[in-house]
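S.K.: following is a predicted model, sequence given first.
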Amino acid sequence: IEGVITGGGGRERLSDIAERLSDLDHPEAINAFARQAMKARTRDKLNEVWINSLLSGPKTHAVNIASNVLTSLWTLPEQALAAGFGAATRSADRVLLRDVGARAMGMMQGAREGLKLAKRAFLTGEPTDARSKVETANYRAIPGKLGEIIRIPTRALTAEDEFFKEVARRGEINAQAWRFAHARGGTAAEKAARYAELKDNPTPAMLEAADKQAQYLTFQKPLGPGGRGIQQFANEVPGAKLVIPFIRTPINILKFAAERSVLAPAFREWRDMIKASGRQKDEAMARLVMGSGLSALAVSSALDGKLSGAGPSDPREQAALRDTGWQPYSIRIGDTWYSYQRFEPISLLAGVAADFAGLANYLTPERRG
């Protein structure tokens, strides 16, 4: 429903259209107004061109795919760590190691189905859940073949995300099916039969949890009131999209990284998971410990000169470092530096840690004093 509202131009625009329709008496007038009201505005067309131009580079899509791969794989050791916490607390509702194996199998199965969904999304330009990284007020502002050509970058981005949504979705369904099948006990054959049944015919609650997991791992979770306000501002104010073309994805990336740092207790969602106890508490702790472990490793690597952050603020020092082959936000393999800067959200954790490690080295004498 939110996707339909956004595609119609936002809540205020739809309310305005409804109010004007209520003033019309004749069916002919109503039909004529409805046809005109839902037409794309000039700024919708300009926004569509602008956003597709931002996403037109092959490197952008390579980074999106790599980031999704890293995030998907990240969930497996994180869930294994949550299983470790569960084994220590012995809570009834806890993550089991066998759940992690079922999740991995589901992710591989989801990859096959994901290819079909990706193909459909690329051809139609529409995600299966009406949610994508393309946050425009009108998804088809430019009509005809020209519009289809212009929208190739956003169609490709939607297709990529559809693939990884299905990977996450199927992994979550498999993990839940395995957990529920074994919770009731019985013989091995009975458990296997229940698992197969739930895996192929998940309950509505399982499907809802799977959809939430898919949106969480592709950074498309619904935003709170503040984030939605920024989205509405960007869609309604002329020229705003030039400055803030994307809102939901960057905010979700920041939250994903923050939940895996010392800032986690500042977020209500993380605190709610801790209060819930059981599996949710174990997963919240696993997020914090895994993220903190990555940050600690990044600090150690930065101190050893194998990982870089922003580097010195002095332009001359920065230039001198670059002359040696060094580059910011990169990892050194052998004598070559490779950038990790855009592989969010994992790179965000590593970059902040590397900046922290390099802080003392790059402070000017005045600042040290």
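M.R.: Yep, that arrived. These figures come from a predicted structure and were not determined experimentally. Residues are numbered from 1 along each chain as shown.
S.K.: got the phi and psi for Gln280?
M.R.: phi -60, psi -40 (degrees, to the nearest 10).
S.K.: tell me the contacts of it?
M.R.: By C-beta atoms under 8 Å, 6 or more residues apart in numbering, Gln280 lies in contact with Asp272, Met273, Ile274. For the C-beta atoms, the positions are set from N, CA and C on the backbone; glycine is no exception.
S.K.: confidence score at the first one?
M.R.: In this model, Asp272 is scored at 91, pLDDT.
S.K.: give the burial count for it, as a bare number.
M.R.: Neighbours of Asp272 under the rule other C-beta atoms under 10 Å: 11.
S.K.: tell me which helix or strand the closest residue to Arg131 other than its chain neighbours sits in.
M.R.: Leaving out its chain neighbours, the residue that sits closest to Arg131 by C-beta to C-beta, 6 or more residues apart in numbering is Gln220, at 4.9 Å. Counting by DSSP states H and E, no helix or strand carries Gln220.
S.K.: any idea how far Gln220 is from Asp211?
M.R.: From Gln220 across to Asp211, the span is 10 Å (C-beta to C-beta, to the nearest Å).
S.K.: neighbour count winner among these two?
M.R.: Taking neighbours as other C-beta under 10 Å, Gln220 and Asp211 compare with Gln220 leading, 20 against 17.
S.K.: show the pLDDT at Tyr338.
M.R.: 91.
S.K.: other SSEs contacting the helix or strand encompassing Arg155?
M.R.: Element membership for Arg155, per DSSP H and E: helix 152-183. Contacts defined by 3 or more C-beta pairs under 8 Å, 6 or more residues apart in numbering; DSSP states H and E place helix 152-183 against helix 42-54, helix 58-89, helix 97-124, helix 188-200, helix 204-217.
S.K.: select, out of those helices, the one closest to Ile150.
M.R.: Each of the helices and strands packed on helix 152-183 has some distance to Ile150 by C-beta to C-beta; the shortest is helix 42-54, at 5.4 Å.
S.K.: show me what that closest one is packed against.
M.R.: helix 144-150, helix 152-183, helix 240-243.
S.K.: hmm, try it at 10 Å
M.R.: helix 144-150, helix 152-183, helix 225-236, helix 240-243 (3 or more C-beta pairs under 10 Å, 6 or more residues apart in numbering; DSSP states H and E).
S.K.: buried set for the following helix or strand past the last one?
M.R.: Toward the C-terminal end, the helix or strand that comes next after helix 240-243 (DSSP H and E) is helix 248-258. Neighbour-count burial for helix 248-258 flags Arg248, Thr249, Ile251, Asn252, Ile253, Lys255, Phe256, Ala257, Ala258 (criterion: 16 or more other C-beta atoms under 10 Å).
S.K.: could you do stretch 116-128 as well?
M.R.: Neighbour counts over stretch 116-128 (16+ other C-beta under 10 Å) mark Leu117, Ala118, Ala121, Phe122, Gly125, Glu126, Pro127, Thr128 as buried.
S.K.: now render the residues you listed as a markdown table, adding distance to Ala29 and pLDDT.
M.R.: Formatted as a markdown table, these follow (distance: C-beta to C-beta, whole Å; pLDDT from 0 to 100):
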| residue | distance to Ala29 | pLDDT |
| --- | --- | --- |
| Leu117 | 41 | 93 |
| Ala118 | 43 | 94 |
| Ala121 | 38 | 90 |
| Phe122 | 39 | 93 |
| Gly125 | 32 | 84 |
| Glu126 | 31 | 83 |
| Pro127 | 35 | 84 |
| Thr128 | 37 | 81 |
